[in-house]
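need coordinates for the below:
(2 chains)
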Protein chains: 2
Amino acid sequence: MKELAERVSLLGVSPIRKVSALLDQAKCKGEIISFGGGAPSLPPPMELLNELCDLLTKDPISSLRYTGTRGIPELRRAISEDVAKYSGLEYDPEREIIVTDGGTEAIYLALMTLLNPSDEVIILDPTYLGYAEAIKLAGGKPITLSVKVEDGYQPSQENLERLITPRTKAFLLLSPDNPTGRLISREFAENLVECAVKNDFWILSDDIYKHILYEGEHVYVSRFSGARERTVTLCSFSKEASVPGFRIGYALGPAHVIDGIEKVKQYTSLASYTPSMYAMVKFLATEMKEKYLRETVIPLYKKRMEFMGSCLKKYLPEAKTVKPAGAFYYFVDMRSYLSDTNTSDEEFCQRLLREKNVVVIPGSYFGVSGKQHVRMTFVSESEERTEAGIKAISEIL
Amino acid sequence: MKELAERVSLLGVSPIRKVSALLDQAKCKGEIISFGGGAPSLPPPMELLNELCDLLTKDPISSLRYTGTRGIPELRRAISEDVAKYSGLEYDPEREIIVTDGGTEAIYLALMTLLNPSDEVIILDPTYLGYAEAIKLAGGKPITLSVKVEDGYQPSQENLERLITPRTKAFLLLSPDNPTGRLISREFAENLVECAVKNDFWILSDDIYKHILYEGEHVYVSRFSGARERTVTLCSFSKEASVPGFRIGYALGPAHVIDGIEKVKQYTSLASYTPSMYAMVKFLATEMKEKYLRETVIPLYKKRMEFMGSCLKKYLPEAKTVKPAGAFYYFVDMRSYLSDTNTSDEEFCQRLLREKNVVVIPGSYFGVSGKQHVRMTFVSESEERTEAGIKAISEIL
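Numbering: from 1, shown residues only, chains lettered A, B, ... in the order given. Next up is the predicted model:
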C-alpha cells in the first residue's frame, strides 16, 4: 500500500493527544481533582443560548444555511466594532476580517497563508502546545525562544535578536500566555515591532486570552508604529464567551492576507458553523459581553487564581511560579522537588494521578524549557477541592 | 513586506468565490429565480432542533465543551451503526471513524494525510469545484478524466487507465455526482477497484449525496474485494439531514489513515462543533433519519427533479442532459444554443441574471469539459417558479 504523506510522520506524537489521553485516563478513575483542562468552567450567558434556540427553531433554514467563507457580514461588523471599542484599532469588516473555526483554524490558516517551505517562525518556549506542529504542517520550521520563571516568563530582546535569520518569516506571540499566564511587557512588544520592521517579518498575535485578565492591560501589538500592516491578529470566542464547543474565532489583518486566508479556508472548511455566528453577534452587539466578563467571569476566575496562589505558597513553598496576569493557568517550576529524585515531569504527573487522583499537565509538553514544570489550571475547581488537590501534591513529594 | 506563501497564488481565482459572487449579485437584484445554490431547501426535522435546544439550555457546559479531536464516542458509534445498516460494512468507532467539519474538512484532511508533493489524484471533469484546489493545497496534482453527456456522464475505464502513472496516488470518486447527478455504474466501480489494487493507489469515495437518490442504488466502493483497506470514505450530514450550517461530516477508513487524519485535524480545527455532534446522534440513533428521508426529502426533491426535467424538454428541446439519479442538479449541455453565437457559459449566465433575473451556474466552473454547459439546481424552487425560470432561459436564447 502506498505510504501516507510525510507530513504525518513529521508531526510525531502530539502533545494534544497526550493531554487527552491523560484526561481520559483520569475520567476512568471516577472521582478526581482536575487542574488539567484548558476550558472555561462557566456556562455562557443563558440569554445567549435562549436567543439562539429561538432563532434555530423559528428560522431553521436560514440559521442552518451555508454562509460565505468569510462569515456573515453582521458578525464581521460586530467584531470590527468590538475590536475598535477595546483597542482603538479600525478593521474593515469587508476586507480585513474573516471568521474561523475557533482560534485553532485562525492560526492554521494564517500559517498556511504566510509560510513557504523552510520559512522560520519564532515561538516562545514554553508555549501553547499546538504551535510548533501547526508550523510544521504548514511547511515551516519552529524556532524557540526560551523564557524562564526567574524573568517572570518574559522573553528577552537580546535572545530574540540572536534567533533572527534571513528565513525568519514570522514571530508568534501569545499574551496573556498559555501555559504561563504572563502578560507581555509593553517594552518587549515595542521592541518586537521595531525588530519586525527592521528585519521584515510578520507578527502573529494570538489574542485568545485578551479579556481573561486580572491585572495590567492587554498589549495590542498592532497599535505600535509600523505594526498594523505586518500583524495578523488571531482570536477566539472560546474563552471570553465560554463557548469552546461553538468552535468560533476570527483573524484580523491586511486585506491581501485575509484574501489569502479566505482562499485557503474554502478548501479546509468552506465556512464556519452558522448558529455560532448568530450567537456571537448577540454576544458582541449588546452589553452582554462586557457585563458577563465584569460580573461573572473575571471575579470568579480571579478569586480562584488568588486562592490557588495561596495554596501553592502554603503547601509547595519550594515551587517557583509567577502570579498569572491573565488566562487560566499557573506554570510551576518543580525542580526543587523533582531534581533530587531525577523524576521527569511526565512520570510525576502519572504518579500523581495514580496515587492521588489529581491531574496536572507535564510542563515538557509545552517545550523543552518546561521540563520538571507542571501546568495547573485554576479556573475549574472549587476552593475546597483546589486546596485538597494541592495538599495531595505536597504529600506525594 | 515578505511575500505570502506560494500555495496561495497557486490556488488562482476560486470557482467557489465566483459562485458566491454570482449569488451575491443575484441577491442585490431582489426578486430572482435561483437554480444556483447547492444547499438543501428543507429544514431539518424540527424534533432534532427542539432536542438540541433542550440540551443546550439544560446542560450548556457539557454541550459546549471541547471534545476530543475524533468527536464524541456516541456519534462515532451511531455513525458506525448507520453505515453498517445501509452498506453492510463494519467500521470500528474507536479506530476507523473521525468526525469532521463537514465534507469539506473530511476531503481536505484525507488529502493532507495521503499526498506527498507531486502525487497525482485523478478526478472527473466536470466535478465538484473544490476538489482540484484542495488537491493543490495539499501539495498534489489534479489529473482530470473527462466525462460527456453522450455517455450519461459515466467515466470510461480505458480513459482512466491511460491516466495512470507511477505518481498516481488516489482516485477521487463522487457518486451521486455534483454537478451531473450521475450514479456511478457498478461495472466502473468494480473495474476501478481492480485497477487501484493493480496499480496500488487509494480510492477516496465522497458519499455526501448517497441518500439523495431517486433511482438505483448507491454503490459502496469499499464492498468490492480488495477495496476496503485502500478506500477512505468521506461523508457529510449537510445534505441528508438538511444542516449545511452545522458543518458536520466524517471520514471512514483504515485505522492508520484515520490516525493520520486525527493528527492533522488537531492543528487545522482541533475538534468539531459540539452541538452538531449531539444533534447528529439524535438524527442517526432513532428512526428519525429514515423517516425524514423517505417521507419528506426524497418525495419533494424527486417531484421537483421530474418537473424540471419536463420543463427542460418543453422549453429547451435542443439542450442535452441526463436525468439525475441523485443529488440536486441537472447538468445541461447548451452547445446547440450557444455555439452559433460563440457565447461562453459564463457570459450567458451573466446575461441571464441581468436580463431575466434567473441564476444558473456556468458549467466551466466544474472543469473544462463543462464549457457551454450550465448547472441547474432543481431542489430549491417551486414548480411554478421553476417553469417561469426555464421559460425565461428559452426566451433569451
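
quick check: A:Pro43 vs B:Tyr66, distance?
14 Å (CB to CB, to the nearest Å). Backbone N, C-alpha and C define where each C-beta goes, glycine included.

what does A:Asp54 give?
26 Å.

list the buried residues in stretch A:300-307.
A:Tyr301, A:Lys302, A:Arg304, A:Met305, A:Phe307 (16 or more other CB atoms under 10 Å in any protein chain shown).

for stretch A:198-211, same thing?
With burial defined by 16+ other CB under 10 Å, the residues of stretch A:198-211 counted as buried are A:Phe201, A:Trp202, A:Ile203, A:Leu204, A:Ser205, A:Asp206, A:Asp207, A:Ile208, A:Tyr209, A:Lys210, A:His211.

tell me where the stretch 201-350 of chain A has helices.
Taking DSSP state H, counting those that start in this stretch as the criterion, the stretch 201-350 of chain A carries its helices at A:255-268, A:274-285, A:288-291, A:298-315, A:335-338, A:345-356.

run a quick neighbour tally on A:Pro93.
Residue neighbour count, defined by other CB atoms under 10 Å in any protein chain shown, stands at 18 for A:Pro93.

next up, the contacts around it.
A:Pro73, A:Arg76, A:Arg77, A:Ile79, A:Ser80 (CB atoms under 8 Å, 6 or more residues apart in numbering or on different chains).

mind running it again at 10 Å?
Neighbouring residues of A:Pro93 by CB atoms under 10 Å, 6 or more residues apart in numbering or on different chains: A:Arg70, A:Gly71, A:Pro73, A:Glu74, A:Leu75, A:Arg76, A:Arg77, A:Ala78, A:Ile79, A:Ser80, A:Glu81, A:Val83.

nearest to B:Ser156 among these?
A:Arg70 (40.1 Å; CB to CB).

returning to that earlier point: now, which of the buried residues of stretch A:300-307 sits nearest B:Pro244?
A:Tyr301 (36.2 Å).

relative to chain B, how far out is that closest one?
Going from A:Tyr301 to chain B by CB to the nearest CB, to the nearest Å gives 15 Å.

quick one: contacts for that residue?
Contact analysis of A:Tyr301 by CB under 10 Å, 6+ apart lists A:40-42, A:212-214, A:239, A:293, A:324, A:326-328, A:378-379.

the bottom helix or strand of chain A by mean pLDDT?
Within chain A, no helix or strand scores below helix A:15-28, which has a mean of 76 by mean pLDDT, DSSP states H and E.

quick one, that one and helix B:255-268 angle?
Counting by axes from the mean of the first three to the mean of the last three CA atoms, to 10 degrees, helix A:15-28 lies at 100 degrees to helix B:255-268.

so for the residue of the stretch 101-250 of chain A found nearest chain B, what's the pLDDT?
Per CB to the nearest CB, A:Gly245 is where the stretch 101-250 of chain A lies closest to chain B, at 2.9 Å. Model confidence at A:Gly245, given as pLDDT, is 95.

number of residues surrounding the closest residue to it other than its chain neighbours?
The shortest distance from A:Gly245 to any non-neighbouring residue, by CB to CB, 6 or more residues apart in numbering or on different chains, is to B:Thr274 (2.9 Å). Number of residues near B:Thr274 (other CB under 10 Å) recorded here: 24.

am I right that B:Thr274 is in contact with A:Ile248?
No. Contact between B:Thr274 and A:Ile248 fails when scored by CB atoms under 10 Å: they sit 11.6 Å apart.

fine, thanks again, bye for now.
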